[in-house]
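Peer 1: attaching a predicted model along with its sequence, questions to come.
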Amino acid sequence: MARFSANLGFLWQELPLPDAIRAAKAAGFDAVECHWPYEVPVEAVRSALRETGLKMLGINTIRGDVAAGENGLAALPGRENQARDAIQQAVAYATEIGAVNVHVMAGRASGEAARETFIANLQFACELAAEPGIMILIEPLNHRDVPGYFLQTCEQALEVIEAVGRPNIKLMFDCYHLQIMQGDLTFRLQTYLNSIGHIQIASVPDRREPDHGEINYHHILAQLNELGYRQPIGAEYRPATSTDAGLGWLKTFREKTSL
Ligand SMILES: O=C(O)C(=O)[C@H](O)CO
Ligand SMILES: [Mg+2]
């Protein structure tokens with residue numbers, strides 16, 4: 001049976017994070033993940049995770065000055081100190097709650113200096129994350145939602161991962177972003193599976209429940225099953241109405257796939 005992780009950055013946003021974790025459990029999710037949990041005391045998150053038995057699969061580094069349009073710091077030349085503070089904050093929080101992955105957000109930048117800055121910051125992140133056993137993730141984002149984001153394609157992310165040269169860094173394969181940027185999802189999942197640390201889903205183009213739109217997730221999930229991928233898939237979409245009202249896909253996807 002396929003397994004799914006509720007992305008609490010988008011699902012049950014109206015609830016405090018610990019209650020959102022409980023709501024995800026009650027709805028039948030197998031894991032949770034979120035974006036920026038830093039204002040919530042770790043004890044509250046940890047006890048909701050313990051109580052429900054769910055794992056937190058991932059959290060993100062902070063984005064920087066969001067009002068000014070920043071969306072990550074790690075590829076911004078001259079901002080290394082802030083980028084590394086953000087990495088330290090994320091790895092410390094992830095360690096406290098037993099999270100599996102930390103997504104290091106690159107930010108809006110381009111060019112060779114940005115690439116070198118990103119690689120050096122990621123090496124720092126990997127070294128820090130090695131001892132607590134945390135995986136560092138990097139994620140290409142689409143150019144419509146996040147114009148100018150440093151990382152926009154799968155192959156660019158894989159080149160960065162290769163250059164970082166550490167064992168604890170992988171690709172976050174968000175089907176929504178990669179369908180918009182590149183498509184050919186089945187081929188890319190097959191070809192790059194060993195470098196993929198986490199997979200996320202949403203409908204395209206509207207980023208809502210994954211049961212409609214231009215991606216056939218029944219096909220994608222069947223392919224992942226054949227490839228032997230067994231990790232929970234991240235449901236990272238904006239519910240069309242309420243989270244609970246839109247969860248029909250969860251039962252159908254679980255019944256029809258044997259992931
Ligand atoms: O936007 C996404 O797809 C993400 O997964 C980031 O973590 C949040 O911006
Ligand atoms: Mg994503």
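Peer 2: That came through fine. Ligands and ions are numbered 1, 2, ... in the order given.

Peer 1: give me the residue from the stretch 101-250 of the chain nearest ligand 1.
Peer 2: Distances between the stretch 101-250 of the chain and ligand 1 by C-beta to the nearest ligand atom are smallest at D174, namely 4.7 Å. Heads up, the C-betas are built off the backbone N, CA and C, glycines and all.

Peer 1: ok, that residue - contacts?
Peer 2: When contacts are counted by C-beta atoms under 8 Å, 6 or more residues apart in numbering, D174 touches E139, P140, L141, I199, Q200, A202, G234, E236.

Peer 1: could you do I196 as well?
Peer 2: Shown in contact with I196 (C-beta under 8 Å, 6+ apart): K170, L171, M172, F173, L189.

Peer 1: part of a helix, is R63?
Peer 2: No. Applying DSSP: H, G, I helix; E, B strand; the rest coil, one finds R63 to be coil, outside a helix.

Peer 1: wait, it sits on L76?
Peer 2: No. If you go by C-beta atoms under 8 Å, R63 and L76 don't touch, sitting 11.1 Å apart.

Peer 1: more neighbours, these two?
Peer 2: Neighbours were tallied for R63 and for L76 using other C-beta atoms under 10 Å; the higher tally belongs to L76 (22 against 17).

Peer 1: let's have the contacts of I196 in JSON lines, adding neighbour count, pLDDT and secondary structure.
Peer 2: Formatted as JSON lines, the contacts of I196 follow (neighbours: other C-beta atoms under 10 Å; pLDDT from 0 to 100; DSSP: H, G, I helix; E, B strand; the rest coil):
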{"residue": "K170", "neighbour count": "20", "pLDDT": "98", "secondary structure": "strand"}
{"residue": "L171", "neighbour count": "25", "pLDDT": "98", "secondary structure": "strand"}
{"residue": "M172", "neighbour count": "26", "pLDDT": "98", "secondary structure": "strand"}
{"residue": "F173", "neighbour count": "26", "pLDDT": "98", "secondary structure": "strand"}
{"residue": "L189", "neighbour count": "20", "pLDDT": "97", "secondary structure": "helix"}
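
Peer 1: pick the one among those closest to G228.
Peer 2: Nearest to G228, judged by C-beta to C-beta, of these is L189 at 11.7 Å.

Peer 1: partners of the residue of the stretch 101-250 of the chain closest to ligand 1 in the sheet?
Peer 2: Note on D174: beta-bridge partners by DSSP bridges are Q200.

Peer 1: all set now, cheers.
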